[in-house]
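**Q** What follows is a predicted structure for the sequence shown.
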Amino acid sequence: MLTTKLFLGLGIFVLGSFSIENPFSKDNYIDLNTKNAVVSKLQTPGKEIYADFCMQCHGANGRGDATNFPPLDGSDWLKNKRNESIAAVKFGQSGPIIVNTKKYNSSMPAMGLTDQEVADVMNYIMTSWSNKQTKVVTEKEVAAIKK
């Protein structure tokens, strides 16, 4: 009998510990003025575009395949060649490029995206994985990039 009471008491204690967290805790809400909220807002439209057009080659993790498709995650080319990166998404890319000291020479076709869609996917890429760009790509900036 004592064993049963101890067992039930321990069970109630364990189950009760799962519900101790306060649902109204500050940790359960995002302050709309935080950087995380800004990053989330920038990523929302571009994430779907990335999944539809980019993920097949660059992967869900943005690491490419290390042979034909360069990484976007931690890419020095993306970081240091902003206009060229925007142009590659807008018009496609062919010819050799060097990303993180490795040469890639495959083609990326133009995806037929609008200037706003290019801006959205660039903002997603530039704030995803280990990328921490803070300057937002705008539709106007994309429109100014010419072939």
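**A** Happy to help now that I have it. These numbers were taken from a predicted model, which means no experiment stands behind them. Residues are numbered from 1 along each chain as shown.
**Q** This structure: helices as residue ranges?
**A** Along the chain, counting by DSSP state H, helices occupy 2-18, 35-53, 55-58, 76-80, 82-91, 115-126, 139-144.
**Q** In this structure, what helix or strand scores lowest on average pLDDT?
**A** helix 2-18 (a mean of 58; mean pLDDT, DSSP states H and E).
**Q** isn't residue 92 right up against residue 112?
**A** No: the pair residue 92 / residue 112 is not scored as a contact, 9.7 Å apart, by CB atoms under 8 Å. C-betas here are computed from N, CA, C, even on glycine.
**Q** Compare these two and say which is more crowded by neighbours.
**A** residue 92 (14 against 9; other CB atoms under 10 Å).
**Q** quick one on the thing from earlier: and the helices of the chain, which one is worst for confidence?
**A** Of all the helices of the chain, mean pLDDT reaches its minimum on helix 2-18 (a mean of 58).
**Q** any idea how far the closest residue to residue 147 other than its chain neighbours is from residue 85?
**A** Spatial nearest neighbour of residue 147, excluding adjacent residues (CB to CB, 6 or more residues apart in numbering): residue 91 at 5.3 Å. According to CB to CB, to the nearest Å, residue 91 and residue 85 sit 11 Å apart.
**Q** Give me the more crowded residue out of those two.
**A** Between residue 91 and residue 85, counting by other CB under 10 Å, residue 85 is the more crowded of the two (22 against 16).
**Q** Can you verify my assumption that residue 95 contacts residue 105?
**A** Yes: at 6.9 Å, residue 95 counts as touching residue 105 under the criterion of CB under 8 Å.
**Q** Just want the most central residue of the chain.
**A** residue 128 (2.8 Å; CA atoms, centre = their mean).
**Q** residues contacting it?
**A** 43, 50, 62, 72-73 (CB atoms under 8 Å, 6 or more residues apart in numbering).
**Q** Repeat that for residue 57.
**A** 64-65, 68-69, 108.
**Q** Residue 135: neighbour count?
**A** 9.
**Q** which residues touch residue 76?
**A** For residue 76, the contacting residues are 99-100, by CB under 8 Å, 6+ apart.
**Q** Kindly recompute the last result at 6 Å.
**A** The contact partners of residue 76, taken as CB atoms under 6 Å, 6 or more residues apart in numbering, are residue 100.
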